[in-house]
Each structure stands twice: as structure tokens, then as C-alpha cells.
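> let's see this in three dimensions:
(3 chains)
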Amino acid sequence: MTLQAVHDLVGEGEIIGDGNFFCRAVASLGKAQAEDLSFVSGHRHAAEALQSGAGALIVAQLLDGAAANQLVVADPFAAMIRVLEKIASEKRTEPAGIHPSAVMEEGAVLGRDISIGAGAVIRQGASIGDRSVIHANVYIGRRSTVGADCLIEPNVVIMEDVSLGARVHIHAGTVIGGDGYGFVQLEGRHVKIPQVGSIEIGDDVEIGALSTVDRAALDSTVIGRGTKIGDLCHVAHNCIIGEDVLILPISVMGGSCKIGNHAIMAARSGLPDNITLGEGAVLAGEAVAYKDVEAGAVMWGRPARPKNQQMRIEVALGSLPQMQRDLRAIKKKLAAG
Amino acid sequence: MTLQAVHDLVGEGEIIGDGNFFCRAVASLGKAQAEDLSFVSGHRHAAEALQSGAGALIVAQLLDGAAANQLVVADPFAAMIRVLEKIASEKRTEPAGIHPSAVMEEGAVLGRDISIGAGAVIRQGASIGDRSVIHANVYIGRRSTVGADCLIEPNVVIMEDVSLGARVHIHAGTVIGGDGYGFVQLEGRHVKIPQVGSIEIGDDVEIGALSTVDRAALDSTVIGRGTKIGDLCHVAHNCIIGEDVLILPISVMGGSCKIGNHAIMAARSGLPDNITLGEGAVLAGEAVAYKDVEAGAVMWGRPARPKNQQMRIEVALGSLPQMQRDLRAIKKKLAAG
Amino acid sequence: MTLQAVHDLVGEGEIIGDGNFFCRAVASLGKAQAEDLSFVSGHRHAAEALQSGAGALIVAQLLDGAAANQLVVADPFAAMIRVLEKIASEKRTEPAGIHPSAVMEEGAVLGRDISIGAGAVIRQGASIGDRSVIHANVYIGRRSTVGADCLIEPNVVIMEDVSLGARVHIHAGTVIGGDGYGFVQLEGRHVKIPQVGSIEIGDDVEIGALSTVDRAALDSTVIGRGTKIGDLCHVAHNCIIGEDVLILPISVMGGSCKIGNHAIMAARSGLPDNITLGEGAVLAGEAVAYKDVEAGAVMWGRPARPKNQQMRIEVALGSLPQMQRDLRAIKKKLAAG
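Have a look, this model is predicted:
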């Protein structure tokens, strides 16, 4: 792609230098070489950009003294996403059409222009929306619905009665619709509480690789529109997750948790059963909230406490052995005194 | 299903109201609507039940003032499980018979009335017990045995020399029989200790989605009868897990751990290598026991301590920064005095 | 295998007893029976060896008073690994040749003497090195390269543009090449930063079951030669992992972490984004390092601190409630005084 083509793709900006410069690849400032395109997302990176070997740069302001060809745009980050989207769409050429080894049971409903990879299984009563891509060896259970323009990566398992909105992206190996963990003791044995609920996943949700979303015992487990979940996360039965929530990798939700819109669970954070994380609240990395978190709060640690309080505790912990020695000395002194 | 049919299924109880009431679905008290069946499991839920929109209720005692039709039974929870089991069995219609794309190697032994889904692979010397259901794209390795009435969900991988009892239920994507993590340093390089042991899983065991159970180095990794393991758990090589143990999601066992009968590992709890969790002991959510836990003990925190002790520590931690300030003031005062 | 055959396989040592003794199986000292071979790895195990029921023992020094036949070698552990490797290679008979249901797209490049299991999919432009074994229902994406003598277990997913060296072993269900977790907020919505980088995995790397290695946003995620990763681990985008690193099960690396050669991450340890773990450094089980760790350091706890410091803190924590009571008493006394 030439720098002029990049300009046309972004739809705005001014080229300083050679518009015919051919960008071989996109790379970070530190790794970019003479044939690469890179980008400068803010003032902080200006110095790094001047030292970059990139042959072309997308910048917000003309970078004086840079040898690279430059495309000056209003928002370099948004422009770069446009470029990356184009690259990604070319790299990820999907299976075209329906592979002969895919299994569509009678009564499966298939939209227009869909792709289904080798060995995928679409059970009776399931439906696949227009233009959706189902990769190899994916399983779509009975009565489950996949909306339009979804991307389901290889070996994903979607059990029965799961509903996916439009433009949902599920990464490889993830399991949607396993049973929630529910047992009751009857006559000394653990007896399974059959999990007969469903799962509703809104538009524009993305779920990383090897995560598990369990079906509700009754009713529905819900993941709201625009929510993004990372790899190896666990959403237990009956969770109600709001819209535009960020749930980073390895995060865990217990049963019947409620997460408000725009909340953030940082990597490896956790909620036990029945906890509410309020709208816009933030649970820091590795934090675990044993009590409800109010809207907008920023919580650290385990048990989670307000950020500033937890920071002070963690600092004070470093002095704990010394405090213990001091206390002993004081007691001795007072006893002697 | 009519309320009369529910009564007949449960096998006991008295109908107050209309036995011909048709229950469209089962829902929780809070979500149930006029065509739904719900249930009241204890006194605590009576008030909620009176406000429920459910058209029919399973109750232990006649609920005065409720508009809903009622089925009065001795144990509403047990009755509801019966109903849910019937619903679950109808929802989960399994693959019937052996799909033509399933691969049975020569020397695989197949029981009567089994189902094997599309793309499943049964290797040489493996055996599948009567009435067991092997879902799509499951792999059963050489010499592994699946007992009668098992349910193996899609994309499960069972490697070689694994033995499953009767009525074992393995959720989607779980891997049974990967190598234990064992390396030894020889001449500066990490050399693999080949893991040539096996795995023995008892009757009535359930394992959630995307969990890993590793084979023993030598000997066997063992999971006892009736034990229930959640999603994304890890059982390392040579663990010996007793009977009727509850291991909640995201729990982790290191190598050669021993877990007594009826013990409980709550969500995200952990045992490092070689730890014993005694019979009936409880490890709370996120707790990690670095020492053996005696039978019946209830342990919290990390490092795990007896529940009451850990609770006091966690409360006191909130005052730690203030304690530090107090100590400084006292030292100053004493030094001045 | 006779004890003489064991001797010949190991290539050294002296047989004391019956070289024709037939070893039925290999077992640990405690479990071994009269037909089994076991081994004594050090002086500590001599007493246990004398009580073992093993019919044959591999030992470093002649064990006086033992009834078992003995093979005396320089390094029993290395000898036993030789024996176990032979057993493992026999147990794990791989799919021979290319199964007719495997799907090789046009333009896939296949080496000599490879095996490809049922339902595996090799996409256009991917290549498989000589003698490599691709198990059932594995997915190898476009332009990904698998080196020679690799072992890819069932249901592994390797997305596009991933490069594997020689002798790489990936356990079942693992996903290599999912997207890194990268979103940016534009006009109130989370917009995906397309992840268009690649992954480079060196020779002799082993990765356990159900782990995720995410592709770089730009550039490459790198795992160096000889590094061994356990089950259920997470390597985020742009991590650079050195050579001969040990990463035990359930360990987690955030984005752009750097891990030096010979470092060790013990089970369930973690690194947030952008942290460097120095060469030969050790992060203990469950430890999380929020700051860079210098070469050779041994860190415990969360937040990770030097081992001795953290041990003292954990011990002192047990006295924290008592310290709080002492402080109150002292304050009272001083106020009264």
C-alpha cells in the first residue's frame, strides 16, 4: 500500500514527502525499518519517532527533522486502526462458502453469504446470520442463534439455547453454554441441579480464547452490547453483565454477579457469587471484591478496598516486621518503667 | 407440562388450584410470568413468592394469599430437580447413533446404544460403555475406557490410558490426560520427564468446561466417585482426590496433592504441590494452603489460616496505616519523655 | 523389557541379580510390585527402596539387603528418563500417515513422513516440517509454519502467521495466535485495535494443555528455545520470553512483558503489563510482580517482595490482631500516665 493509498483509506490528512512511498508492513516505532509504516500517537512518542527507522509515519503534527515521509492527520490512532483493519481483513482470509465436511443437521437455518469451515457442526434448529463466518470444527448447539456478521474462530463450542447478537467475535476454543456449577446434597450425595437456562450475548461483544460462559440455572446469563472479554475468563451462571464493559484476561465472575455499564475488571480480577460491580467501577488487576462495589469506585487488592487505602496498606506492610519489633521494645520499656 | 403432570413426575404432593394449568417454562421467582412454574425452597422466600408473577408454584406449605396454583410437596427443592431433569433431558437431544464422519479405529470397542457425534475420533483399543454419548469432535485416545451412561461434550480430549467410570459427565473442551509438568535439568537444558502414568476417574464424576487433568508421571492420577469439578480447574499429575469432593471453578491443585472425601475447594482456591486437604476440610474462595489442612478445618486467605484468625487479620489490616502512625507518635513521646 | 534390555538401552551400568528379569511396568517405589521396575534417585530414598516391592531397581550404589534385582548406573535419574522415553514412545502411537478426513488446502506445504490426524485442517500457505505429527481436529492457519519433529496434540488451534521451531510440543486444546486484548475508546465505544502481528516459538519449546498465546499487535510475540510452559497459562501480546525459561501451570503474563533466560515463574504466578523478569529470576507460586525483577532475584507474595522480607511479613501478619490490641493498651496507658 502506498502512502497515498493510506491517505485515501483514512479519508483525510496531508502527505509531506513521497505519496508513492510503498509501505511494506506496519511496525512499532522501535522495530520499524526503512520499508515500514509506523505512527506517532502523542507528544510523548515524538522523540522515539525521530529515532525510528520507519520509512513513513502517521503523525498528528508535522515532525520536524524526521527523514520519514509523513501523513499528518487529526487522530493518528484512529487512522492507524483503519489501516490495521484493512491489513487484518486481508490476513484473515476466511473459509469461502460451506466446506463439504461441515455438518448441517436438518432444520438448521443458514443466512446468506455465510462461511462454514471443515468439520463444523450446526445442530437442528440452530441459525446462522448473514455473512457470518463459522470456522473449522466449531459446534453450534440446538436452537442457538448466531447473528449477522459474526466471527466464530476454530474449535469454539456453543451449546444449545445460546443467542448471539450481530458482529460478535468469539476466539478459538471458547465454550459458551456449559452447565453452571450447581449441586445440592441429598441423602449424603451431591446431586446436580440441572441447568436449563439460556445465554444472551449482545451485539459487538468480543470474547477471547478458551473462556467459559455458563448457562443460567433458570432464566438467562446476559452479556451486554459492546462488552469485551479476554482469554481464559469465566462467567458463571446467571451473571448479568452490562454494556461496554471491559473484562481483561483471566478474570472470574461467580454466580449471579451483576456488572454495570462501562465497568472495568482488570486482568485476573474476581467477583465471588452475588456481587454487584457498579456502573463505571474499576476492579484493579488481581483484586477480588467480597462486597458490592459502588458506581465509579476504583478498588484494589484482596479483599478489595478503595485504591488509596489499599496502597497505604501495602506500603505499611513492608514495615510490619519492624513495627512488631518496635512494639516489643516499647512494651519492655513500659514494663520496666 | 400441566401441573398434574408435574405432580405425577414428582410422585407425591397435593395440588391446590387447577391441575390442568399448563406450565410453559420454569423460571426463578423474580422472573416468572403468568405461564411459568416456579418454586419456593424455604421460609425466606415466602414473601418473594407472594410477589412472584408465576402461574404455578411448588411449595412446602400452602402459601396463603398467593394467586398461583400450588403443588404442596415434602421437599420442593428435590421436586424441582426432578422437573428440571426432565426439561434438561428434552432440551439436550443428543446425536442419535454413530455419525458417518466419526472415526472408529480398528480395535475400538463400542457398547450398545451409544451415540458418537460428527468428527469424533475413537482410537485403537479404546472402549465406550453402553448408552454413553460422545459428542462431536471429541478425541478418545488409545486404551482409554469410557464407562456406561457417560456424557462427553463437544471437543473434549481424552488422551491414552484414561479410565472413566459410569455416569461421568465431561463438559466441552476439557483435556484429560495431558502430560504432567515435569522437567529435570541435565547439562544445562530442561529435559522432559516422560509422563507415562494413567488417570482413573470414578463413577458419577462431573468435570466442567476447559479444565485440565494431567496424567501421572508413574502410577495414576485419581478422582474419586461422586466428585464434582468446575470450569477451568487444573488437577496436576499424581493428585489423589477422594469421593464426593466439591472443587469449584478455577481451582488449582499442584502435583501429588491428596484431597479427602467430602472436602470442598471453593472458587479459585489452590493447593501447591504435595499438600493434603483433610476429609471434610473447606478451603475458602481464593485461599491457598501452603501446609497440610487437617480434617474438618475451614481455612481462609493466602497463606490459608483458620477462618476466624484470617478474618481478624483482614479487619486489622484496614487499621495498619493508622497503627504505623500511632507507633511513630508513641516512640516520639517515649523518646521525648 | 528385561533388565538386560534396560541395561542395553541405558548404555552403561552393572547388573546385580537376574538380567533376564522381565519388567512388566515402571512404578514409583511406594507403588511398585514384584513385576515392576523402579529407581532410587538419591540417598534419601534408600530406606524407601529397601521397603519397596519392586522386582528390579535402578540404583546409583548397590543397595545392600535389597531382594530386588539391581542395575547400578552413574545417574539413575538420567537412566530412568531413557527408559520412560522408550515407554512413552510406545504408548503414544501416533496417527500413521495422513487421514483421509484431514483437510489440506491448496498451497499447504507438507514435509516428509508427517502424520495428520482425522479432521485436522491445514490452511493455504501453511507448512508442516518433516516427521511432525498433527493430531486430530487440529487447525493450522494460513502462512503458519510448523518445524520438523513437532508434536501437536488433538484440538490445538494455531491461527495464521505463527512460526514454530523444531521439536515443539503443544498439548491438547491450546490456542496459539488469538488476538491480544487491545481496545481503544472512540466516541464512547470500545473499538478493537486489530492485532496484525505474529508469534515466533523457538526449538524445543513445550506448551501445556489449554494455554493461550496471543499474537502481537504489531511485531511478534516471542517464546525462546527450550522454554517450557504449563497448562492453562496465558502469554499476552508482545511478550518476549527468553530461552530455557520454566513457566509453571496457570501462570499469566500481561502485554509486552520480558522474561530473561533461565527465569522461573512458579505455579499461578503473574506479571502485569510491561514488567521485566530478569535472567534467572524466580517468581514464587502465586506471586505477582508489579515492578521489574532484577536478574537472579527470588520474589514471593503479592505484591512480590524479596523472599526473606515477604516471609517475615507473612509471619508477622499472624500477630497483627494482637499488635493492634497491644497498641490500644499502650495508648491507654500513656494517656492515663
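> mean confidence for stretch A:37-51?
If you average the pLDDT over stretch A:37-51, you get 84.
> that one: end-to-end distance?
With Cα to Cα, to the nearest Å as the measure, stretch A:37-51 spans 14 Å from end to end.
> buried sites along it?
Judged by neighbour count using 16 or more other Cβ atoms under 10 Å in any protein chain shown, the buried positions of stretch A:37-51 are A:37, A:38, A:39, A:40, A:41, A:45, A:49, A:50. For every residue, glycine as well, the C-beta is placed using N, CA and C.
> how many residues are close by residue A:177?
By other Cβ atoms under 10 Å in any protein chain shown, the residues close to residue A:177 number 26.
> list the contacts of the closest residue to residue A:58 other than its chain neighbours.
Ranked by Cβ to Cβ, 6 or more residues apart in numbering or on different chains and with sequence neighbours excluded, the top spatial neighbour of residue A:58 is residue A:39, at 4.0 Å. Residues in contact with residue A:39 (Cβ atoms under 8 Å, 6 or more residues apart in numbering or on different chains) are A:29, A:57, A:58, A:59, A:76, A:77, A:79, A:80.
> next one: stretch A:309-320 to chain centre, how far?
Mean-position distance between stretch A:309-320 and its chain equals 32 Å (Cα atoms, centre = their mean, to the nearest Å).
> so who does residue A:252 touch?
A:233, A:234, A:269, A:270, A:271, B:249, B:250, B:267, B:268.
> now the contacts of residue A:39 as a markdown table including neighbour count and secondary structure?
Below are the contacts of residue A:39 laid out as a markdown table (neighbours: other Cβ atoms under 10 Å in any protein chain shown; DSSP: H, G, I helix; E, B strand; the rest coil):
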| residue | neighbour count | secondary structure |
| --- | --- | --- |
| A:29 | 21 | coil |
| A:57 | 27 | strand |
| A:58 | 28 | strand |
| A:59 | 24 | strand |
| A:76 | 23 | helix |
| A:77 | 17 | helix |
| A:79 | 24 | helix |
| A:80 | 24 | helix |
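> which pair in the residues you listed spans the largest distance?
Longest distance between any two of the contacts of residue A:39 is 15.2 Å, between A:29 and A:79; criterion Cβ to Cβ.
> would you mind listing what in the stretch 151-300 of chain A touches chain B?
Applying Cβ under 8 Å from any Cβ of the partner chain, one finds that the stretch 151-300 of chain A approaches chain B through A:155, A:157, A:159-161, A:173, A:175, A:178-179, A:181, A:183-184, A:186, A:188-196, A:210-212, A:214, A:217-219, A:232, A:234, A:236, A:252, A:254, A:270, A:272-273, A:288.
> cutoff 7 Å now
A:155, A:157, A:159-161, A:173, A:175, A:178-179, A:181, A:183-184, A:186, A:189-194, A:196, A:210, A:212, A:214, A:218-219, A:232, A:234, A:236, A:252, A:254, A:270, A:272, A:288 (Cβ under 7 Å from any Cβ of the partner chain).
> could you flag which of those are buried?
For those, a burial check counting by 16+ other Cβ under 10 Å picks out A:155, A:157, A:159-161, A:173, A:175, A:178-179, A:181, A:190-194, A:196, A:210, A:212, A:214, A:218-219, A:232, A:234, A:236, A:252, A:254, A:270, A:272, A:288.
> about what we covered before: could you tell me which of the contacts of residue A:252 are located in strands?
A:234, A:270, A:271 (DSSP state E).
> and the nearest residue to residue A:245 once chain neighbours are set aside, what is it in contact with?
Of all residues not flanking residue A:245 in the chain, residue A:227 sits nearest, at 4.3 Å (Cβ to Cβ, 6+ apart). Contact analysis of residue A:227 by Cβ atoms under 7 Å, 6 or more residues apart in numbering or on different chains lists A:205, A:241, A:243, A:244, A:245, A:247.
> related to what we said a few turns ago, wait, which of the ones in strands among the contacts of residue A:252 is closest to residue C:298?
Distance to residue C:298, by Cβ to Cβ, is smallest for residue A:270 among these, at 26.8 Å.
> what's the burial count for the residue nearest to residue A:301 when sequence neighbours are not counted?
Nearest non-adjacent residue to residue A:301, counting by Cβ to Cβ, 6+ apart: residue A:310, 4.0 Å away. By the criterion of other Cβ under 10 Å, residue A:310 has 21 neighbours.
> same thing with residue A:97?
11.
> that one against residue A:115, yeah?
Yes: counting by Cβ atoms under 7 Å, residue A:97 does reach residue A:115; the two are 6.2 Å apart.
> can you name the residues of the stretch 1-150 of chain A sitting close to chain B?
So far as Cβ under 7 Å from any Cβ goes, the stretch 1-150 of chain A lies against chain B at A:101, A:103, A:119, A:121, A:137, A:139, A:142.
> what about these, which are in strands?
Going by DSSP E, the strands hold A:103, A:121, A:139 from the residues of the stretch 1-150 of chain A next to chain B.
> so which of these wins on neighbours?
Busiest of those [other Cβ under 10 Å] is residue A:139, holding 32 neighbours.
> excluding its backbone neighbours, what's nearest it?
Excluding the flanking residues, the one nearest residue A:139 by Cβ to Cβ, 6+ apart is residue B:154, at 4.1 Å.
> equivalent analysis for residue A:180, please.
That would be residue A:237: by Cβ to Cβ, 6+ apart, it lies 2.6 Å from residue A:180.
> picking that back up, so what pLDDT did the residue nearest to residue A:245 get?
Residue A:227 carries a pLDDT value of 98.
> got the phi and psi for it?
phi -80, psi 140 (degrees, to the nearest 10).
> measure it to residue B:98 for me?
Per Cβ to Cβ, to the nearest Å, residue A:227 is found 40 Å from residue B:98.
> now swap in residue A:91 and tell me
Taking Cβ to Cβ as the measure, residue A:91 falls 39 Å from residue B:98.
> then residue A:47?
Taken as Cβ to Cβ, the span from residue A:47 to residue B:98 is 66 Å.
> equivalent analysis for residue A:139, please.
17 Å.
> low pLDDT regions in the stretch 51-200 of chain A?
Applying pLDDT under 70 to the stretch 51-200 of chain A flags no residue at all.
> and it, which residues reach chain C?
Residues of the stretch 51-200 of chain A lying near chain C by Cβ under 7 Å from any Cβ: A:77-78, A:81, A:84-85, A:87-88, A:91-93, A:101, A:117-119, A:136-137, A:154-155, A:171-173.
> point me to the residue of the stretch 201-337 of chain A nearest chain C.
Using Cβ to the nearest Cβ, the closest approach of the stretch 201-337 of chain A to chain C is made by residue A:209 at 3.8 Å.
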